[in-house]
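Whatever this is, show me its structure:
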Amino acid sequence: MVTAANISAQPVWQILATVTDPEVPVLTILDLGIVRDVNMVDGQVQVTITPTYTGCPAMDMISMNIRLALIENGYSNIKITTVLSPAWTTDWMSEEGKQKLQQYGIAPPNAKQAVCTPDSFQEEEAIQCPLCKSYNTKMISQFGSTACKSLYQCNECKEPFDYFKCH
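Sure thing, here's the model as predicted:
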């Protein structure tokens with residue numbers, strides 16, 4: 001049993017590194033960057049999380065999985081707080097997490113690229129197919145398998161794929 005006298009934040013972070021996202025199981029919640037803070041206050045483990053989207057249906061499951069992982073490791077006094085501000089951004093994702101997405105077949109978020117057309121100069125997302133690596137892709141739907149993803153198709157290999165939206 002973990003007692004107030006021997007609680008430190010580092011083991012909690014190590015436990016959180018094992019909690020996966022229920023919608024994209026190759027990612028941990030640390031890969032996603034949704035864990036904002038871990039504190040120890042009067043023997044209580046306090047974990048602050050931010051959803052990728054307000055109203056994300058996976059957050060209840062993530063909170064439960066955090067609680068279960070901590071209980072399994074001897075922590076019993078646990079408080080999980082969800083904060084919406086500042087809003088989550090894909091900039092909070094780890095580079096390792098982005099690589100895991102690509103290996104899983106989901107195009108990771110990337111910075112917008114400058115595009116020159118005969119009529120204008122604008123920024124657009126250049127989405128690379130995670131399967132054949134071509135940038136010759138098109139959006140099929142603003143929403144993919146979850147609200148945080150869009151559905152794309154590669155014009156080269158013709159395969160559909162999800163893109164983890166940049167925001």
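
For residue 64, grab the count of nearby residues.
When neighbours are defined as other CB atoms under 10 Å, residue 64 has 12 of them. Glycine gets a C-beta too; all of them are placed from N, C-alpha and C.

now do residue 91
Counted with other CB under 10 Å, residue 91 comes out at 10.

give the contact list for it.
Contacts here follow CB atoms under 8 Å, 6 or more residues apart in numbering; on that basis residue 91 touches residue 33.

where does the protein have low pLDDT?
By pLDDT under 70, the low-scoring segments of the chain are 1-7, 111-125, 167.

where do the strands sit along it?
35-41, 44-49, 78-82, 106-107, 113-116, 121-124, 137-141, 149-154, 160-164 (DSSP state E).

I figured residue 80 hits residue 50, correct?
No. Assessed by CB atoms under 8 Å, residue 80 is found out of contact with residue 50, at 11.8 Å.

ok, these two, which is more surrounded?
residue 50 (23 against 16).

Look up how far residue 43 lies from the residue lying closest to residue 62 once chain neighbours are set aside.
Distance criterion CB to CB, 6 or more residues apart in numbering; nearest residue to residue 62, sequence neighbours excluded, is residue 29 at 6.1 Å. Taking CB to CB, to the nearest Å as the measure, residue 29 falls 23 Å from residue 43.

Ok, residue 15 next?
To residue 43, residue 15 is 16 Å away according to CB to CB.

Comparing those two, which shows the higher neighbour count?
residue 15 (19 against 13).

quick one: residue 24 and residue 98 touch, right?
No. With contact defined as CB under 8 Å, residue 24 does not count as touching residue 98 (11.6 Å).

who has more neighbours, those two?
Between residue 24 and residue 98, counting by other CB under 10 Å, residue 24 is the more crowded of the two (22 against 19).

Can you list phi and psi of that one for me?
Dihedral angles of residue 24 (phi, psi; degrees, to the nearest 10) stand at phi -130, psi 80.

ok, it - contacts?
Taking CB under 8 Å, 6+ apart, we find residue 24 in contact with 101, 104, 106.

excluding its backbone neighbours, what's nearest residue 21?
Distances taken as CB to CB, 6+ apart place residue 27 nearest to residue 21, at 4.6 Å, with adjacent residues excluded.
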